[in-house]
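1. Quick check, what structure comes out for this input:
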Amino acid sequence: MNIKMQRVFFSGQKKHNVVKVMMLVLPSGYILDADGPDGANGTNNDSFILQCMTLTTLMLTYIENGNLFIVDRGFRDIEGELDHLGYEVRMPSLLGKKEVQFSTELANLSRKVTLRRWIVEAVNGRVKNVFAFFRGTIEGTS
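-> Have a look, this model is predicted:
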């Protein structure tokens with residue numbers, strides 16, 4: 001058993017090994033880029049993986065300034081960097097420390113972002129339906 005690999009792929013949140021693949025999905029459902037496999041330990045969070053993608057993949061060849069990134073809250077650490085690179089970023093809102101609930105306008109904006117992220121979840125479901133290998137837990141060998 002390779003202990004270093006176990007550490008890289010062990011997710012403290014899920015309490016088992018997790019392999020992540022990051023996909024760049026267009027609004028039409030077309031998968032433009034897939035990067036991975038990556039580990040799921042604390043250092044390989046979604047923001048870090050996307051940051052590496054912006055430096056090492058062909059992603060920047062296809063994306064232009066002003067393009068819109070619709071992301072979930074796991075990308076909050078890279079939001080400023082994407083803004084700096086000239087992209088628009090939309091993410092569901094986060095409550096402030098002393099806030100109990102969103103204003104009506106902020107809640108509606110957050111719902112719109114979540115609704116538009118549906119296409120990513122649909123693509124993930126399609127991949128799992130087409131490729132049975134990705135449907136469930138993949139047992140490793142020791």
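2. in which helix or strand would I find Asp35?
-> Counting by DSSP states H and E, the element that carries Asp35 is strand 31-38.
3. who does that strand pair up with?
-> Looking at strand 31-38 with DSSP bridges, its partner strands are strand 20-25 (antiparallel).
4. what's the strand holding Asp35 in contact with?
-> With Cβ atoms under 8 Å, 6 or more residues apart in numbering as the test, strand 31-38 has contacts from 19-26, 44, 49, 52-53, 57-59, 62, 123. Where you see a C-beta, it was placed from the backbone N, CA and C, and this is true even at glycine.
5. After it, which helix or strand is next?
-> Next along from strand 31-38, by DSSP H and E: helix 46-56.
6. Any idea how many residues pack against Leu32?
-> Using other Cβ atoms under 10 Å, Leu32 has 13 other residues around it.
7. Over to Met53?
-> Met53 has 20 neighbours, counted by other Cβ under 10 Å.
8. so what's it up against?
-> Here Met53 is in contact with Met22, Leu24, Asp33, Asp35, Met59 (criterion: Cβ under 8 Å, 6+ apart).
9. out of those residues, who's nearest Asn108?
-> The closest of the contacts of Met53 to Asn108 turns out to be Leu24 (Cβ to Cβ; 26.8 Å).
10. Check which residues of the helix or strand bottoming out on mean pLDDT in the chain are buried.
-> Every helix and strand in the chain was compared by mean pLDDT, DSSP states H and E; the lowest is helix 59-62, with a mean of 76. Going by neighbour count (16 or more other Cβ atoms under 10 Å), the buried part of helix 59-62 is Met59.
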